[in-house]
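Novice: coords please:
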Amino acid sequence: MPKIPHLMLPLLIAALCAAAPANAADTESAPAANADNADFAAGKMAIGAKNWNAALIAFERVVKREPKNADAFNYLGYANRWLGRMDESFAHYNKALALDPNHRGANEYIGVAWLRVKQPAKAQEHLARLEKICGKGCDEYKDLAKAIADYKP
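Specialist: Model (predicted):
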């Protein structure tokens, strides 16, 4: 395998992330601000690969350096939710929403998390927020509405 110069690694990671197929976790409020962040790119790659622990490590590094990065906190919530760590998931989603109350991804994902803990009324609250933020036509609204419609306690 060819050796990749250390300075090229962030560019390679960013390129791989850009080429990776989109998934449900691709909602960011400030994608341009995250574009040059190698840890953020590594975290997104880990999310895409469903490597939740690697995603946690990468996004923890991001928030340590950037404690106001709502996108990174959202992804921390997402990875923790997939690991079944609901308390941590809610804490991270709530931090993302404290930083950016209109964060579409965090509103969608916390709604899904509320369904997971059998609290559909709270999921409905986030659906209503999404309707105010982006209307019924945005992907986050549609995805959460579908999750609520499909919800079975």
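Novice: which residue sits closest to residue 106, ignoring its sequence neighbours?
Specialist: residue 96 (4.0 Å; C-beta to C-beta, 6 or more residues apart in numbering). The C-beta positions use only the backbone N, C-alpha and C, and glycine is treated the same way.
Novice: pretty sure that neighbour is touching residue 74, no?
Specialist: Yes: using C-beta atoms under 8 Å as the test, residue 96 is close enough to residue 74 to be in contact (4.2 Å).
Novice: give me the contact list for stretch 145-153.
Specialist: The contact list for stretch 145-153 (C-beta atoms under 8 Å, 6 or more residues apart in numbering) reads 111, 112, 115, 118, 120, 123, 124, 127, 136.
Novice: report the secondary structure state of residue 137.
Specialist: Secondary structure, DSSP: H, G, I helix; E, B strand; the rest coil: residue 137 is coil.
Novice: how far away is it from residue 148?
Specialist: When distance is defined by C-beta to C-beta, to the nearest Å, residue 137 is 17 Å away from residue 148.
Novice: the more surrounded of the two?
Specialist: For residue 137 versus residue 148, neighbours defined as other C-beta atoms under 10 Å are more numerous around residue 148 (17 against 8).
Novice: give me the contact list for whichever helix or strand the residue nearest to residue 106 is part of.
Specialist: Assigned by DSSP states H and E, residue 96 belongs to helix 86-99. The contact list for helix 86-99, computed with C-beta under 8 Å, 6+ apart, reads 68-71, 73-74, 76-78, 80-81, 103, 105-107, 109-110, 113, 116-117.
Novice: and with 10 Å instead?
Specialist: Identification of contacts with helix 86-99 by C-beta atoms under 10 Å, 6 or more residues apart in numbering yields 29, 56, 59, 63, 67-83, 85, 103, 105-114, 116-117, 126, 129.
Novice: make a PyMOL selection of whichever of these turn out to be buried.
Specialist: This is the PyMOL syntax for the buried subset of these, where burial follows 16 or more other C-beta atoms under 10 Å:
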select buried, resi 29+56+59+63+69+70+71+72+73+74+75+76+77+78+79+80+81+85+103+105+106+107+108+109+110+111+112+113+114+126+129
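Novice: any low-confidence regions in the protein?
Specialist: For the chain, the stretches flagged by pLDDT under 70 are 1-27, 30-32.
Novice: just to revisit the earlier point, return the set of buried residues in the helix holding residue 96.
Specialist: Neighbour counts over helix 86-99 (16+ other C-beta under 10 Å) mark 88, 89, 90, 92, 93, 95, 96, 97, 99 as buried.
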